[in-house]
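Engineer: my questions concern the predicted model and sequence given below.
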Amino acid sequence: MSRDRASSMDGDLQQVFGAPVSALYEAAADPDASPALGRALELRSFLALTEEQVARVRNRVHADMDPGRDMGDLSADQLRFDAQWLEAALEARDGYRAALGELLRTMPPPAQQPRPVRTAQLRATAALPASAAPASPRAGAARARRP
């Protein structure tokens, strides 16, 4: 997960869960952590990575278009490719933002979220009566007709 990268929705996560993102990642490692927290942090990690990709393409385009750069170095094909890359990265970013926003809007407040209950696995140890014993392999088989 992208714990070290900032995302544009870190403030929303902190507001909803009431803790900084770094503390949320620690809380998510707890076996009793809310599934919603795990999903939110997973989406947040994807968002942070995608936002980094957007920034890299943007910076590359800015560097290519620098006024001090030789015009002979410009490549329309490279700029078209960067535009396609940027469009894909922006679409992914918008999708992750929408999904994370929807999750944060629809999940119950952290105080009301049900915690998983751990129960011991019970085993049945009672003996079955003879009438409940498994049938023999030939039970129910049709008898062969005799000529």
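Structural biologist: That came through, no problem.
Engineer: quick check: which ranges of this structure have low pLDDT?
Structural biologist: 1-2, 109-147 (pLDDT under 70).
Engineer: so which strand or helix has the residue most central in space within it?
Structural biologist: Centroid check for the chain by C-alpha atoms, centre = their mean gives residue 42 as the closest residue, at 4.0 Å. Using DSSP states H and E, residue 42 sits within helix 35-64.
Engineer: show me what counts as buried in the next helix-or-strand element following that helix.
Structural biologist: Next along the chain after helix 35-64, taking DSSP H and E as the criterion, comes helix 76-106. Of the residues in helix 76-106, 82, 85, 86, 89, 90, 92, 93, 96, 97, 100, 103, 104 count as buried by neighbour count, 16 or more other C-beta atoms under 10 Å. Placement of C-beta: from N, CA and C, glycine included.
Engineer: what's helix 76-106 packed up against?
Structural biologist: With contacts taken as 3 or more C-beta pairs under 8 Å, 6 or more residues apart in numbering; DSSP states H and E, helix 76-106 sits against helix 10-17, helix 35-64.
Engineer: redo the ones you listed as JSON lines? Include distance to residue 27.
Structural biologist: JSON lines is the format used below for the helices and strands packed on helix 76-106 (distance: least, C-beta to C-beta, whole Å):
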{"stretch": "helix 10-17", "distance to residue 27": "8"}
{"stretch": "helix 35-64", "distance to residue 27": "7"}
